[in-house]
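Colleague: please work out how this folds:
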Amino acid sequence: ILMFLTLIKRYGIDTVISQSNYPGTSVINKASSIFCFLALKLANRRRYSSDDTWCMDRGMGLFAGLNVLPKTAWYTSYSDRVTTEMNRSFLKQLHQLWMKFGLLEDTFNLDFTTIPYWGDDAHLENNWSGKRGKALGSMLAVLAHDPDSGLIDYGSANVLQKDESAVVLEFLDFYREGNKKKDNKLRYIIFDSKFTNYENLKKLDQDKIKFITIRRRGKLILERIAQLPAKGWKNVKVECAGNKHRTLHTYDEIVFLNGYDKDIRQIIITGNGKIKPAVIITNDTDLLIEQIIRKYARRWMVEKSISEQIDFFHLNLVSSSMVIKVDFDFTMSILANNLYRLFALELGRYANLSAQSLYDKFVLNGADIQIGEKTITVQLKKKRELPLILEVMQKYNQQKYSWLGNKNIIFEGASYS
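Modeller: All right, here's what the predicted structure looks like:
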C-alpha cells in the first residue's frame, strides 16, 4: 500500500486532508489519523476484525507516518469526534481537487445502496437490500459515480426515505456549491426509475441539466405500446462491451408527462432480453437514440462500484471489533476507492480492473524497507507484474513526504520472491 503514497502526494490529497476539518490528537496529527483509517481500507482488512494481523505491521504504520498503527480503541475514540459536516466538507474539497485535475466529465450515474445494521435497529428504517433479497433495518446511502474516470464524487449515508426523491437535487447543490457562475461541466445525470419523482425532473430541466432515466411501466403504458403503429419502429445498433454491437427495436416519440407538466422524449426499447419493453425518458431531444441507450446502459457501472464498496471495502459489514461511525467509514471507503481508480489509470491496459483484481495483482505483496537519512527504499518481492509497478513508481522517485520526515521513497525489485 506504500505505492498509494505516491498518488496521495501527486494529487495533493495530503494537503486536502491537512486543510480539512477532521480532528487530530495530541500524539497523532490530523493527516496521520486519516492515513490510519485509509491504510486498513487499502489493505483489504475485512472490517478490521483480525486485530493482530495489522496492529504490529510496521509497513502499515509507515504508511501513516508512525511506527505501527494504533490499537482498536483509538479508532473508535477518533470516529466519535467526526461529524457529518466534516465528511461533507472533505468530499467537497476532494470534488474541487478532481475538477482541478480534469478527472470529472459531464455525466454522473446516481444510485442508492443499503448498509445493514445488525445491532438494535429500532431507530433505523427498513430499506430493501438487493444483496440480501429482503428489507431490513439499515442506513440508506447514495453514490454519485463518474463512468469515465471511475471516481466516486459524492456520497451520503444519512438518507431518510422521506427525502429520497430530493437526493438528486442535493447532489446538484453539492456539485455547484461555491461556483457562482454555475459553469461546471455537468450536463447529464442518469438514474433508475425509483430514484426521484417527476416533479424533481422538472426542477432538473429548469436548472438546464439533462437527465436520462427509466419510466415505470404500468398496465396502461404496456397496452399503449402494444398498439403503436408498426411504421414508427426503428432498428438501431448499440455499442456493447468488447467492441460488439447489439440490434434493438426502438420507438422514439414525444409524450406529455403528468407531474413533469410538459412534453418529454420517450424511447421504447424491445429486443433487450427483457420480457417487458424498457421505456427511457429524457429531456435531451438532440442525442441519437443509440447514444442515449448507451449512456443509460453505462449506469451499470455505478452498480458495479457499489458492489465493490460492499465486496472489497466491506461497506455492508458494519459490526466488527472496531466501532466506526457509518458515514465516516463510508467517506473513507470513497477515498480508498478513488485511490484504486487513480492507480488503475496509471496502469494503462489494466485501467478497467476491479479494486479486488488490482489488489491481488499489484498491492498484495511483501517488501523489505530500509529507512535512510533522506530516502526510504522499498524492495518489493518478485511478482509477475513487478516490472510494471517499478516502471510506474519510477516517475515519483523525487517526491518528498512531509509526514515521513521529508524523505523520498524509492521502489526497487528484491532478488527473491
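Colleague: residue 328 against residue 81, yeah?
Modeller: No. In this structure residue 328 lies outside contact range of residue 81 using CB atoms under 8 Å: 9.6 Å. Bear in mind the C-beta positions are built from the backbone N, C-alpha and C, glycine included.
Colleague: what about the two, which has more around it?
Modeller: It is residue 328, of residue 328 and residue 81, that has more neighbours when counted by other CB atoms under 10 Å, with 23 against 14.
Colleague: that's a strand at the more buried one, yeah?
Modeller: No. The assignment for residue 328 (DSSP: H, G, I helix; E, B strand; the rest coil) gives helix, which keeps it out of a strand.
Colleague: need the pLDDT of it.
Modeller: Predicted confidence (pLDDT) for residue 328: 92.
Colleague: then residue 73?
Modeller: So, for residue 73, pLDDT stands at 83.
Colleague: number of residues surrounding it?
Modeller: 10.
Colleague: centre of the chain to the strand or helix carrying it, how far?
Modeller: Using DSSP states H and E, residue 73 sits in helix 72-80. Distance of helix 72-80 from the chain centroid (CA atoms, centre = their mean, to the nearest Å) equals 25 Å.
Colleague: any idea which helix or strand comes after that helix?
Modeller: Toward the C-terminal end, the helix or strand that comes next after helix 72-80 (DSSP H and E) is helix 84-100.
Colleague: buried residues in that following helix?
Modeller: Of all the residues in helix 84-100, those buried under the rule 16 or more other CB atoms under 10 Å are 86-88, 90-95, 97-98.
Colleague: partner strands of whichever helix or strand comes after that helix and their direction?
Modeller: For helix 84-100, the succeeding helix or strand toward the C-terminus, using DSSP H and E, is strand 107-116. Sheet partners assigned to strand 107-116 using DSSP bridges are listed as strand 134-145 (antiparallel), strand 188-190 (parallel).
Colleague: need the contact list for the residue most central in space within the chain.
Modeller: Note on the chain: the residue nearest the mean C-alpha position is residue 152, at 3.0 Å, using CA atoms, centre = their mean. Contact analysis of residue 152 by CB atoms under 8 Å, 6 or more residues apart in numbering lists 143-146, 305, 334, 337-338.
Colleague: of those residues, closest to residue 10?
Modeller: Lowest distance from residue 10 to the contacts of residue 152 (CB to CB) belongs to residue 338, with 12.9 Å.
Colleague: ok, how many other residues are close to that closest one?
Modeller: 23.
Colleague: wasn't it part of a helix?
Modeller: Yes. Applying three-state DSSP, one finds residue 338 inside a helix.
Colleague: and for the closest residue to it other than its chain neighbours, the neighbour number?
Modeller: Closest residue to residue 338 apart from its sequence neighbours, by CB to CB, 6 or more residues apart in numbering: residue 151 at 5.0 Å. As a burial measure, residue 151 scores 23 neighbours (other CB under 10 Å).
Colleague: please enumerate the helices of the stretch 301-417 of the chain.
Modeller: Here the stretch 301-417 of the chain has its helices, by DSSP state H, counting those that start in this stretch, at 326-346, 355-358, 386-393.
Colleague: would you mind finding the most buried of those helices?
Modeller: Comparing those by mean neighbour count (mean count of other CB atoms under 10 Å), helix 326-346 ranks first with a mean of 23.
Colleague: circling back: out of the buried residues of helix 84-100, who's nearest residue 281?
Modeller: Closest to residue 281, out of all of these and judged by CB to CB, is residue 95, at 28.2 Å.
Colleague: hang on, the earlier thing: bridging residues for the residue nearest to the centre of the chain?
Modeller: Going by DSSP bridges, residue 152 forms beta bridges with residue 145.
Colleague: which of the strands paired with strand 107-116 comes out lowest on mean pLDDT?
Modeller: strand 134-145 (a mean of 82).
Colleague: how far does it sit from the chain's center?
Modeller: Here strand 134-145 is found 14 Å from its chain centre; the criterion is CA atoms, centre = their mean.
Colleague: not counting residues beside it along the chain, what's closest to residue 139?
Modeller: residue 115 is the one closest to residue 139 (CB to CB, 6+ apart), at 4.5 Å.
Colleague: meant to ask about residue 374
Modeller: Closest to residue 374 by CB to CB, 6+ apart is residue 407, at 5.9 Å.
Colleague: number of residues surrounding that neighbour?
Modeller: 18.
Colleague: and it, bridged to which residues?
Modeller: Where residue 407 sits in a bridge, its partners, by DSSP bridges, are residue 401.
Colleague: contacts only, for it.
Modeller: Listed by CB under 8 Å, 6+ apart, the contact set of residue 407 reads 371-376, 400-401.
Colleague: report the buried members of those.
Modeller: Buried among these (16+ other CB under 10 Å): 376, 401.
Colleague: thought residue 214 was touching residue 190?
Modeller: No. Taking contacts as CB under 8 Å, residue 214 lies outside contact range of residue 190: 9.9 Å.
Colleague: ok, back up a step: out of the contacts of residue 407, which is nearest to residue 198?
Modeller: residue 401 (51.2 Å).
Colleague: for that closest one, what are its contacts?
Modeller: With CB under 8 Å, 6+ apart, residue 401 has these contacts: 5, 9, 14, 65, 407-409.
Colleague: who wins for neighbours among the residues you listed?
Modeller: Going by other CB under 10 Å, residue 5 tops the contacts of residue 401 with 25 neighbours.
Colleague: list the buried residues of the strand or helix carrying that one.
Modeller: Using DSSP H and E, residue 5 falls within helix 3-10. If you call a residue buried by 16+ other CB under 10 Å, then helix 3-10 has these buried ones: 3-9.
Colleague: can you lay out those as a markdown table showing distance to residue 170 and pLDDT?
Modeller: Formatted as a markdown table, the buried residues of helix 3-10 follow (distance: CB to CB, whole Å; pLDDT from 0 to 100):
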| residue | distance to residue 170 | pLDDT |
| --- | --- | --- |
| 3 | 35 | 95 |
| 4 | 30 | 96 |
| 5 | 33 | 96 |
| 6 | 34 | 96 |
| 7 | 29 | 96 |
| 8 | 28 | 97 |
| 9 | 32 | 96 |
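Colleague: include distance to residue 322 when you put those into CSV, please.
Modeller: Shown next, in CSV, are the buried residues of helix 3-10 (distance: CB to CB, whole Å):
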residue, distance to residue 322
3, 25
4, 21
5, 23
6, 28
7, 26
8, 23
9, 28
